[in-house]
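Participant: Predicted model, plus sequence, below.
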Amino acid sequence: MGTGSTMHEWFSTSARAYASEPALEVAGEVLTYEQLRIRAERLADRVVEANNGAVPRRIGLLAGRSVLAYTGYLAIASLGAAVVPLNPGFPEERNAAIAGAAGLDFVLAQEDCSVRKLSARALTLPASPNSLRGQVRPRARSSEPDRLCYILFTSGSTGRPKGVPIRHQNLAAFLTYVIDRYGLMPGDRVSQTFDLTFDLSVFDLFATWGAGATLVVPSRAELLAPARFVAARGLTHWFSVPSVVSFAMRLRALSASSMPALRWSLFCGEPLTVAHARAWQAAAPASVIENLYGPTELTLSCSQYRVSPHSLREGRSGGEVLPIGQLYPGLERLVLNEQGFPDTEGELCVRGVQRFPGYLDPADNAGRFVEWEGGTPRVVSEPIQPSDRLWYRTGDRVRLSDVGLVHLGRTDQQVKIRGYRVELGDVESVLRSEAGVVDAVAFVVSIAGNDEVVAACTGRDLDAVALTSRLRERLPEYMAPSSVTVFREFPLSASGKVDRRSLLAKINPGSRREVSSSPGGRE
């Protein structure tokens, strides 16, 4: 099993120990650890050459599920630069905003992805570059654990994506724990279901490579039939959002014992229900199922609950959400009630080895940290760079129970769409910035079993169809409203605030169920 103080060392240690073992299966190609190492280092050389001989500090990676995406991730890591994943499926405007906020020095991109709006020097290559030839140049490696290994961007309530930087030491603490917990080793085969802009993908890549196992990347079509993919590819470890289970259940694609070799099944990003777990357990009877929780700011996941036969007993409601359990080693919890005092129910605050060093923009830190060493807790309202002793406010409401933490929902308007964090204020802010719009409100509703964003706005001479189309150009697909309804004015409550229930009923009476207040933390 690999170890390392930096993200790249987790891979390189395994590459030395298991050179001839398969490291990656993607798009019909199989690369051994030695082949993947050489390709990544040659690609790193190409990046430096394209940047006039200088090693960039922060590098954007714009590529789909391809050889370039995975070799590119390793190439950037080998240079000691911070990886900033960009999503080919996002609107160019969104990727440009992320590139600007990240202060990218360079972009490595798949040749069919547009880089024209990215304000950085770029190197574009085919999805499976065959031109990476020549000797690998020796290069000094950075081994500073407090340096940044990657930066991810989440939805922000102001309409501006928030940059979440993670240090090598944060990731090392996470990998050390999960590789051992899930018994990862050479010969194991691990799914790669998450887009690289989704932080849970880092588990897929580096827990797998840190253990000398094989990363198996499904096509989009294979993701639609997870049981068939697991069985056909001989997977031992599965990791996804629970939405994948929901989809497979609707298609009746989880037949009994259809995944007999699967040993571990991990779910995160959304609430995992008893019905989800029952269906998956029946299809994978030999698998241990765990429900994970954790915001991006706490390095992927930070708590786990192991699903037992007792938790799935008959008579328990299928819609009941399973607990999120116990925090990982090296993390401490603080639960604050509505009055801001420690209690057994309230907002979860966490500090410890996996806590990020603070948002990329210090202004985003204001109000997100708590100072407490006993006595009266104090919310830090200043835009500071937080010390490691401060507690991060997750915004998730929990209750302490005999099985650990039980998730109760959110303290704000943050919701989850297919595992992605969405601030409804982000959608509203973008809609308000459109010409002629006076006010805007966004909801999450359930339509045919799928959660979607819908929006309403006020203003004159507005074209609802054109607004809907424009938002799809400006927001990622999972955030963009499926519809925008235009009103002359919004209905108000007795207190003078927008009457959200009445407004939602006017958008489409009786056919939609608002779910924006349901559990939104990452479970």
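Facilitator: Great, that's in hand.

Participant: so where do the helices sit in the protein?
Facilitator: Counting by DSSP state H, the segments of the chain that form helices are 7-17, 33-50, 67-78, 92-102, 168-181, 201-202, 208-210, 220-223, 226-233, 243-250, 274-283, 424-432, 464-474, 500-507.

Participant: contact partners of the third one?
Facilitator: To tie it back to what came earlier, the one meant is helix 67-78. In this structure, residues lying in contact with helix 67-78 by Cβ atoms under 8 Å, 6 or more residues apart in numbering are 6-8, 11-12, 24, 26-27, 29, 31, 36-37, 39-41, 43-44, 47, 59, 61, 63, 82-83, 85, 108, 110, 125-129, 132, 139, 141, 149, 196, 205, 215, 217. Bear in mind the C-beta positions are built from the backbone N, C-alpha and C, glycine included.

Participant: Compute the distance from the centre of that helix to the centre of its chain.
Facilitator: When distances are taken as Cα atoms, centre = their mean, to the nearest Å, helix 67-78 is centred 19 Å away from the chain's centroid.

Participant: Begin at 19 from now on, thanks
Facilitator: Let's use 19 as the start, then, which means that last one is helix 85-96.

Participant: returning to what we had before: could the helices of the chain go into CSV alongside distance to residue 283?
Facilitator: Output for these, formatted as CSV (distance: least, Cβ to Cβ, whole Å):
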stretch, distance to residue 283
helix 25-35, 23
helix 51-68, 26
helix 85-96, 23
helix 110-120, 32
helix 186-199, 14
helix 219-220, 17
helix 226-228, 15
helix 238-241, 15
helix 244-251, 9
helix 261-268, 9
helix 292-301, 6
helix 442-450, 31
helix 482-492, 34
helix 518-525, 36
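
Participant: out of those helices, nearest to residue 329?
Facilitator: helix 292-301 (7.3 Å; Cβ to Cβ).

Participant: which parts of that closest one are buried?
Facilitator: 292-299, 301 (16 or more other Cβ atoms under 10 Å).

Participant: Tell me the helices and strands packed up against that helix.
Facilitator: Counting contacts by 3 or more Cβ pairs under 8 Å, 6 or more residues apart in numbering; DSSP states H and E, helix 292-301 packs against helix 261-268, strand 306-311.

Participant: Contact partners for residue 334?
Facilitator: Per Cβ under 8 Å, 6+ apart, neighbours of residue 334: residue 292.

Participant: re earlier: pick the one among the buried residues of helix 292-301 closest to residue 401.
Facilitator: Using Cβ to Cβ, the buried residues of helix 292-301 come closest to residue 401 at residue 294, 39.7 Å.

Participant: what stretches of the stretch 119-268 of the chain score poorly on pLDDT?
Facilitator: 149-163, 174-177 (pLDDT under 70).

Participant: Give me the neighbour count for residue 268.
Facilitator: Residues lying near residue 268 (other Cβ atoms under 10 Å) number 11.

Participant: do residue 169 as well
Facilitator: So residue 169, with other Cβ under 10 Å, has 22 neighbours.

Participant: before we move on, the earlier item: check the buried residues of helix 292-301 against residue 358 and report the nearest one.
Facilitator: Of the buried residues of helix 292-301, the one sitting nearest to residue 358 (Cβ to Cβ) turns out to be residue 292, at 33.5 Å.

Participant: and the gap between that closest one and residue 304?
Facilitator: 20 Å (Cβ to Cβ, to the nearest Å).
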